[in-house]
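Enquirer: kindly generate the corresponding structure for this input.
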Amino acid sequence: YGVVAFFTVGTALGGGLAYGRVHELYAAQGEDAAAAAGFTLALLAAMASGAPRPALWLRSRRAVRQGGVVQANGWTELGGRPGDCLFAMLADAKELLKAAVDGLRSGALGAVVVETQGSLPELDLTASRRLALAAEKSETTLFLLRNGAEPVPSAAETRWRVAAAPSRALPANAPGAPVFDIELLRQRSGPSGLSWQLEWNRDRRIFTEAAAAGALVSLPVRGSPAAA
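Expert: Next up, the predicted model:
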């Protein structure tokens, strides 16, 4: 999925984000929670263009209180389509993690998102490994969207920090396409500590590097990181 013109996120990841793995997304600051959610929505839209299976977005009650509700018009503005994603709110951490495992094991989903607010002691290394095994077995990608939390050891394939960045204004000073500052904090096999500024093209459903407009950033790829 996608072509890499030169050194981009895709090359750093050996071809792109791998399907069937766990990827953690941390908001850089409290005010970046919306940017982290938007970046996740863009990833889901990119994946939906190549895989017709819908996504399941699971939110803790605290995340909904802090972050609000994802609006349909905002989802559409990012390139999403009706039926691409089902949102659900869970009362507590135990139900949230159980629903995530069930969703991964169903085999009917293209991706699962677990959105949490603050530290989540229940999501320890054991729980993380359980999620990783379920994702790998079903080849369903899991995004852990962590707001108001610090990174902790986990079984995630990659870990990212996401922040909002200024967009390029359109003619008549109209708002431009969304731009994200992303930093690769960790990946299990490959370089880490790299950062990029990506612009999201909703019509083509691709990311481009904002500093070099037109350079394609590869979409998620199926298979293991080695295969990617």
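
Enquirer: I'd like the next helix or strand past the host helix or strand of E24.
Expert: Taking DSSP states H and E as the definition, E24 sits inside strand 22-27. Using DSSP H and E, the helix or strand that follows strand 22-27 in sequence is helix 33-48.

Enquirer: what mean pLDDT does that following helix have?
Expert: Averaging pLDDT along helix 33-48 gives 91.

Enquirer: how far off strand 22-27 does it point, in degrees?
Expert: 150 degrees (axes from the mean of the first three to the mean of the last three CA atoms, to 10 degrees).

Enquirer: what's the burial count for the residue nearest to E122 when sequence neighbours are not counted?
Expert: In space, and not counting its chain neighbours, E122 is closest to A93: 4.0 Å by CB to CB, 6 or more residues apart in numbering. C-betas here are computed from N, CA, C, even on glycine. The number of residues packed around A93, counting by other CB atoms under 10 Å, is 17.

Enquirer: who's in contact with A93?
Expert: By CB atoms under 8 Å, 6 or more residues apart in numbering, A93 lies in contact with 60, 116, 120-123.

Enquirer: A91 touches R61, doesn't it?
Expert: Yes - using CB atoms under 8 Å, A91 makes contact with R61 at a distance of 5.8 Å.

Enquirer: who's more crowded, these two?
Expert: The neighbour count for A91 versus R61, taken as other CB under 10 Å, is higher for R61 (15 against 9).

Enquirer: kindly state the pLDDT recorded for that one?
Expert: 87.

Enquirer: ok, back up a step: quick check on the residue nearest to E122: phi, psi?
Expert: With angles defined as degrees, to the nearest 10, A93 sits at phi -60, psi -40.

Enquirer: possible to save the contacts of A93 as JSON lines with secondary structure and distance to K137?
Expert: Output for those, formatted as JSON lines (DSSP: H, G, I helix; E, B strand; the rest coil; distance: CB to CB, whole Å):
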{"residue": "S60", "secondary structure": "strand", "distance to K137": "25"}
{"residue": "T116", "secondary structure": "strand", "distance to K137": "23"}
{"residue": "L120", "secondary structure": "coil", "distance to K137": "23"}
{"residue": "P121", "secondary structure": "coil", "distance to K137": "26"}
{"residue": "E122", "secondary structure": "coil", "distance to K137": "22"}
{"residue": "L123", "secondary structure": "coil", "distance to K137": "19"}
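
Enquirer: what residues does the spatially most central residue of the chain make contact with?
Expert: Central residue of the chain (CA atoms, centre = their mean): T40, 3.6 Å from the mean position. By CB under 8 Å, 6+ apart, the contact set of T40 is 25, 113, 143, 145.

Enquirer: give me the number of neighbouring residues for the closest residue to L78 other than its chain neighbours.
Expert: Spatial nearest neighbour of L78, excluding adjacent residues (CB to CB, 6+ apart): L41 at 5.0 Å. When neighbours are defined as other CB under 10 Å, L41 has 24 of them.

Enquirer: then the one 5 residues further on?
Expert: Close neighbours of A46, defined as other CB under 10 Å, add up to 26.

Enquirer: from memory it sits against I206, does it?
Expert: Yes - in this structure, A46 is within contact of I206 by CB under 8 Å, at 6.7 Å.

Enquirer: show me the helices in this structure, by range?
Expert: Assigned by DSSP state H, the helices in the chain fall at 9-12, 33-48, 61-67, 72-77, 93-106, 125-138.

Enquirer: and for E77, the neighbour number?
Expert: By the criterion of other CB under 10 Å, E77 has 13 neighbours.

Enquirer: now do the contacts for it.
Expert: E77 makes contact with R202 under the criterion CB under 8 Å, 6+ apart.
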